[in-house]
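Enquirer: Build me a model from this:
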Amino acid sequence: MVSFTPDSSVVFDVRPSPNFNDRKGGRQPDMIVLHYTGMSDASSALKRLCTAGTEVSAHYVVMEDGNIIQCVRESHRAWHAGTASWDGDSDVNSASIGIEIVNPGHDLGYPDFPLRQVAAVIALCKGIMLRRKLPRHRVLAHSDVSPARKKDPGEKFPWRLLADSGVGHWVEPTPLTHSDRKFLGTTSDEIMALQRALVRYGYPVLPSGQYDGVTMDAVAAFQRHFRPERIDGIADQSTLTTLQNLLETLPDASPVA
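Expert: As a prediction, the model looks like this:
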């Protein structure tokens, strides 16, 4: 495979992957999706991402030591998101730049992310955001765009630290309380309002007024990203208020009813 000049100045090495195609309609990426590799070691992950036939790739891989490897040019569509949707757009791969962060994930011990690795993710994202004029709230987790299938990069990923550095959207999570909670199978106008709020933020939920499995998955994904103290897919007051505060701080946000 022919090498290429990296798009980012913070890239340490280029390892071209054959797994890519053109972005549909010549689309320019307007979001970043963060993943963890979910494999036992970095070399196994890189081999999978760069081997023809695996049908998987990412634009960048961030190693534990902070080194960054680029596998696909930003101008091309990497295959990192799979079945996913955000803000009504089901072709997340065409809309995004995918960054894999080396971490074995929930099934293999899920260690903390080293600080030097997090610093590298921040530097990489800030450069992409600056070059492509991406807003902070368009830096997302794989679990956000695919809540029924994915947990990565997960509740240990330091979203607050990224936001403090200008990467990603964040508000201080509302403290946990013993308030009323919305449970699977129940139906109400409050649940309809929750679903509409999730849709407004971008989550792939169909407002029905019933607390169904899709809603529960989206709430769990939201908690994993924005309120990691308790991840149970149940909408408590802390979850609801944190979501409302995020909506109120979106660019051009109007008051939330």
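
Enquirer: Using the three-state scheme, assign A218.
Expert: helix (DSSP: H, G, I helix; E, B strand; the rest coil).

Enquirer: how close does the residue nearest to it when sequence neighbours are not counted sit to P173?
Expert: In space, and not counting its chain neighbours, A218 is closest to Y203: 4.4 Å by CB to CB, 6 or more residues apart in numbering. For every residue, glycine as well, the C-beta is placed using N, CA and C. Y203 is 17 Å from P173, where distance means CB to CB, to the nearest Å.

Enquirer: Grab the most central residue of this protein for me.
Expert: Taking CA atoms, centre = their mean, the centroid of the chain lies closest to A141, which sits 1.1 Å from it.

Enquirer: out of everything not next to it in sequence, what's closest to that residue?
Expert: Among residues not flanking A141 along the chain, H225 sits closest, at 5.2 Å (CB to CB, 6+ apart).

Enquirer: and the one you found, helix, strand or coil?
Expert: Quick answer, by three-state DSSP: H225 is helix.

Enquirer: That one and A45, how far apart?
Expert: Taken as CB to CB, the span from H225 to A45 is 22 Å.

Enquirer: could you pull out the strands for the stretch 1-150 of the chain?
Expert: With DSSP state E, counting those that start in this stretch as the criterion, the stretch 1-150 of the chain has strands at 13-14, 20-22, 31-36, 60-62, 68-70, 76-78, 96-101, 139-141.

Enquirer: Which parts of the stretch 51-200 of the chain are helices?
Expert: 92-95, 115-132, 142-145, 159-164, 189-201 (DSSP state H, counting those that start in this stretch).

Enquirer: quick one: the longest one to strand 96-101, angle?
Expert: Computed with axes from the mean of the first three to the mean of the last three CA atoms, to 10 degrees, the direction of helix 115-132 lies at 170 degrees from that of strand 96-101.

Enquirer: Outside of helix 115-132 itself, list whatever touches it.
Expert: Defining contact as CB atoms under 8 Å, 6 or more residues apart in numbering, one finds that helix 115-132 is touched by 7-10, 28-30, 32, 34, 60, 62-68, 74, 97, 99, 101-102, 134-136, 139, 158, 161-162, 165-168.

Enquirer: give me that answer again for 7 Å
Expert: 8-10, 29, 32, 60, 62-66, 68, 97, 99, 101, 134, 139, 158, 161-162, 165-167 (CB atoms under 7 Å, 6 or more residues apart in numbering).

Enquirer: Which parts of it count as buried, going by neighbours?
Expert: For helix 115-132, burial by neighbour count (16 or more other CB atoms under 10 Å) applies to 117-118, 120-126, 128-129, 132.

Enquirer: got a list of what the closest residue to R27 other than its chain neighbours touches?
Expert: Of all residues not flanking R27 in the chain, S94 sits nearest, at 4.9 Å (CB to CB, 6+ apart). Counting by CB under 7 Å, 6+ apart, S94 touches 23-24, 27, 77.
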